[in-house]
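Participant: Got a predicted structure here, sequence first:
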Amino acid sequence: MMRILLLFCFLVNALYLHAQLCTGIPGPIVYSETFGSGAVDLGPQLSAGATTYNFGAIAPGNYLVVNNSAVNGSFWHNSLDHTPNDVNGFMLLFDASVEPGIFFKRRLTGLCSGSKYTFSCWAMNVQIPGDCNGQEVRPDILFELRDVNTGAVLGQTSSGPIPLLPAPLWQQYALTFYVPIDQTEAEVVLINNAKGACGNDLAIDDFELYLCSPLTTQELTLCAGESFPVGNKLYTEPGVYTDLFPIGQGCNDSTVVTTLKWFNQPLRQEFTRCAGDTVQVLNNFYTKTGFYRDTIELPGCDSMIFTQLTIKLPDTTRQTVYLCAGEGVQVGANFYDQSGNYVDRLVDEIGCDSTVFTTVITDVPLTLSVTPDFRELALGDSIQLNSLVSRTTHVALSWQPANGLSCADCPDPVAKPSETTTYILIAEDTLGACTAMDTVRIKVLPCKAVFIPNVFSPDDDGFNDYFTVFGGACVAQVQALQIFDRWGSRVFSRTDFLPNIENLGWDGRVGGRIALPGVYVYWADLVLFGGKVERFSGAVTLVR
């Protein structure tokens, strides 16, 4: 059974105008005026011709641009402007006269011919009740749309009396209109429409102009299997759909919101069954995976049963499990801890059979030992560590920490630590999860292999002609060697050189001249293996 979409149309009338906000879909803002902001109390006056009121002190027929309405003592409300988040924002404040003067007018340009717009503003009655002995005149704004060429009034509407309230309240008023065909400009005018002066006091702020596109809503029901057309689209499922349709000779889009519901809600169901099972839907029997649709005849329109059936084929799983000594594996209700091939038939959560083929491999026990397990070592010396692993295949080795070792994954690394260290060797079965470990502790002794002579004879006889630093493996470098005479004058200095090389030391000369025999003092900063710096000092005797 099909439902027929009611035709809709939109009448465009140049004189169509009413005092309300856009009842359709508001478009982008094409003009706005908030009157700015400033720390001073008074803002700049309006441009020439924008109002017939005078800019000046509060008196009938005058207006101000202010950031607070309490400018008339206790007679007017104390209120800020309307613009959100507008610090020290300005607004228009009128002490209306008895004559129907113009509050504000604006020529609107760049309009779209034949299109629907909304011009709005926010207004507030600033009068506090009781000031006029109960005879307060409530402000009333007359909105007029005028032809910019002839000045003719194309339409007008009124805000009606703006309420007199005990607390300040901003309210929005609007003029919704169509731009005449073949015109792109219009003038909007806000006029004093209240008679009398006492109490006819108001604030106005936040002018906006924006397109107002028509909105049409429709709600319909569908029978199962039916479809519903909207424009060039075809809808077959319940839901809320929004479509836009351009309106000829204008910039508006007509928005159509369509809500579709089922007349008789279809039934949707899903089943998962084992191979050989059957699912019955009405008078039909289904045994294969697929999507099925069955019709139920009901009064009004038929309903549908949609069935998604999944047939689960027999499941076969093959697995190989490696076990460490003492371990086992659970398969269903069975537990296996010996090597072999096992077959188990299980039932899954929906009652379907599955077969599990399991190969269990129990490893040869994994053990290891490291020698030596303890050793004292002079700083800078090295020692080879030896390990014995019960298996040579499918085993990964890891030394921790790796600092000071020639390799971190070999069985017999050379260790040369710079400080006392406990090394851990971990052996791991690469097929399973078996591990073994052992440790070795190497105690590093302080550096003692340092020799600095206490006498030398620089007489070019090829023996003991230089004074320098001698050291064993624990001395990596001489960072600095300084020598001074007994008066404190430096006679020799050298930095960053290797020990044990005689001609890098002092040759017994000062500035190229032979130094006098005697006692000289020195200090030497030595970089030890591992980076530690240690200072040695003493005296050396020069003899000739």
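Facilitator: Good, I have the coordinates. Computed from a prediction, not measured in an experiment: that's the story for all the values here.
Participant: Compute the distance from the centre of the helix or strand where L209 lies to the centre of its chain.
Facilitator: In the assignment (DSSP states H and E), L209 maps to strand 201-213. Relative to the chain's own centre, strand 201-213 is displaced by 38 Å; criterion: CA atoms, centre = their mean, to the nearest Å.
Participant: Direction included, what does that strand pair up with?
Facilitator: Strand 201-213 has its sheet partners listed here by DSSP bridges as strand 25-33 (antiparallel), strand 91-95 (antiparallel), strand 116-125 (antiparallel).
Participant: Could you say which one of these comes nearest to V343?
Facilitator: strand 25-33 (69.0 Å; CB to CB). Every C-beta, even on glycine, is put in place using the N, C-alpha and C of the backbone.
Participant: The strands paired with strand 201-213: lowest mean pLDDT?
Facilitator: Ranked by mean pLDDT, these bottom out at strand 25-33, which scores a mean of 86.
Participant: List the buried residues in that one.
Facilitator: Within strand 25-33, the residues that count as buried by 16 or more other CB atoms under 10 Å are 25, 27, 30-31, 33.
Participant: what's next to it, contact-wise?
Facilitator: Here strand 25-33 makes contact (CB atoms under 8 Å, 6 or more residues apart in numbering) with 106, 108, 110, 118, 206-215, 252-253, 255.
Participant: Type out the PyMOL command that picks the buried ones from those residues.
Facilitator: Buried members of those, defined by 16+ other CB under 10 Å, are picked up in PyMOL with:
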select buried, resi 106+108+118+206+207+208+209+210+211+212+213+214+252+253+255
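Participant: quick one on the thing from earlier: closest to D412 out of the strands paired with strand 201-213?
Facilitator: Closest to D412 of the strands paired with strand 201-213, according to CB to CB: strand 25-33, at 80.0 Å.
Participant: Alpha carbons only: can I get that closest one in PDB?
Facilitator: In PDB, the C-alpha atoms belonging to strand 25-33 read as follows (Å, rounded to 0.1, in the frame of the first residue of the first chain):
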ATOM      1  CA  ILE A  25      15.500  27.600   8.900                       C
ATOM      2  CA  PRO A  26      17.600  30.700   9.800                       C
ATOM      3  CA  GLY A  27      20.400  31.300   7.200                       C
ATOM      4  CA  PRO A  28      23.700  33.100   7.600                       C
ATOM      5  CA  ILE A  29      23.600  36.600   9.100                       C
ATOM      6  CA  VAL A  30      24.100  39.200   6.400                       C
ATOM      7  CA  TYR A  31      24.000  42.300   8.600                       C
ATOM      8  CA  SER A  32      24.500  42.900  12.300                       C
ATOM      9  CA  GLU A  33      25.000  45.900  14.600                       C
END
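Participant: next structured bit after that strand?
Facilitator: Next helix or strand after strand 25-33 toward the C-terminus (DSSP H and E): strand 54-55.
Participant: the inter-axis angle of whichever helix or strand comes after that next one versus strand 201-213?
Facilitator: Next along the chain after strand 54-55, taking DSSP H and E as the criterion, comes strand 62-66. On the basis of axes from the mean of the first three to the mean of the last three CA atoms, to 10 degrees, strand 62-66 is oriented at 70 degrees to strand 201-213.
Participant: Who are the packing partners of strand 62-66?
Facilitator: For strand 62-66, the elements it packs on are strand 54-55, strand 91-95, judged by 3 or more CB pairs under 8 Å, 6 or more residues apart in numbering; DSSP states H and E.
Participant: Quick one: mean pLDDT over it.
Facilitator: 95.
Participant: What is the distance between that strand and the centre of its chain?
Facilitator: The answer for strand 62-66 is 47 Å, by CA atoms, centre = their mean.
Participant: what do you get for stretch 476-491?
Facilitator: Distance, centroid of stretch 476-491 to centroid of chain: 63 Å (CA atoms, centre = their mean).
Participant: same check, this time on stretch 70-88
Facilitator: From the chain centre to the centre of stretch 70-88 is a distance of 40 Å (CA atoms, centre = their mean).
Participant: what does stretch 156-163 contact?
Facilitator: By CB under 8 Å, 6+ apart, the residues outside stretch 156-163 that reach it are 17-19, 123-125, 138-145, 169, 171, 173, 175, 193-194, 202.
Participant: one step back: for K532, which of the strands paired with strand 201-213 is the nearest?
Facilitator: strand 25-33 (74.6 Å).
Participant: Name the nearest residue to F245, sequence neighbours excluded.
Facilitator: S254 (4.5 Å; CB to CB, 6 or more residues apart in numbering).
Participant: ok, so what distance separates that neighbour from T217?
Facilitator: 12 Å (CB to CB, to the nearest Å).
Participant: Secondary structure element for the closest residue in space to A476 that isn't next to it in sequence, which one?
Facilitator: With CB to CB, 6+ apart as the criterion, A476 has its nearest non-adjacent residue at 4.9 Å, and that residue is V527. Using DSSP H and E, V527 sits within strand 518-528.
Participant: number of nearby residues for L142?
Facilitator: 18 (other CB atoms under 10 Å).
Participant: ok, it - contacts?
Facilitator: Counting by CB under 8 Å, 6+ apart, L142 touches 100, 156-159, 190-193.
Participant: Which strand residues bridge the closest residue in space to D315 that isn't next to it in sequence?
Facilitator: Leaving aside its sequence neighbours, D315 sits nearest to S354 (CB to CB, 6+ apart; 3.8 Å). Under DSSP bridges, the beta-bridge partners of S354 are D315, L346.
Participant: how many neighbours does S354 have?
Facilitator: Neighbour count of S354, defined by other CB under 10 Å: 15.
Participant: How much space separates it from D348?
Facilitator: Distance, S354 to D348, by CB to CB: 6 Å.
Participant: Please enumerate the shared neighbours of those two.
Facilitator: When contacts are counted by CB under 8 Å, 6+ apart, S354 and D348 are jointly contacted by D315.
Participant: Nearest residue to V389 in space, please, no chain neighbours.
Facilitator: Nearest residue to V389, sequence neighbours excluded (CB to CB, 6+ apart): L368, at 4.6 Å.
Participant: Which phi and psi values does the one you found adopt?
Facilitator: phi -160, psi 160 (degrees, to the nearest 10).
Participant: got it, and L323?
Facilitator: Per-residue torsions, L323: phi -120, psi 140 (degrees, to the nearest 10).
Participant: Adjust the sequence numbering to begin at 49 for everything that follows.
Facilitator: Right, with 49 as the first residue, what we last looked at is L371.
Participant: ok, how many other residues are close to it?
Facilitator: The number of residues near L371, taken as other CB under 10 Å, comes to 21.
Participant: what separates the residue lying closest to it once chain neighbours are set aside from S168, distance-wise?
Facilitator: Counting by CB to CB, 6+ apart, L371 lies nearest to T410, which is 4.8 Å off, once chain neighbours are set aside. As judged by CB to CB, T410 and S168 stand 85 Å apart.
Participant: and what of V539?
Facilitator: From V539 over to S168 the distance is 98 Å, taken as CB to CB.
Participant: Check G324 too.
Facilitator: Distance from G324 to S168, counting by CB to CB: 72 Å.
Participant: Nearest the middle, which residue of this structure would you pick?
Facilitator: Geometric centre of the chain, nearest residue: N133, 26.5 Å, by CA atoms, centre = their mean.
Participant: That'll do, ta.
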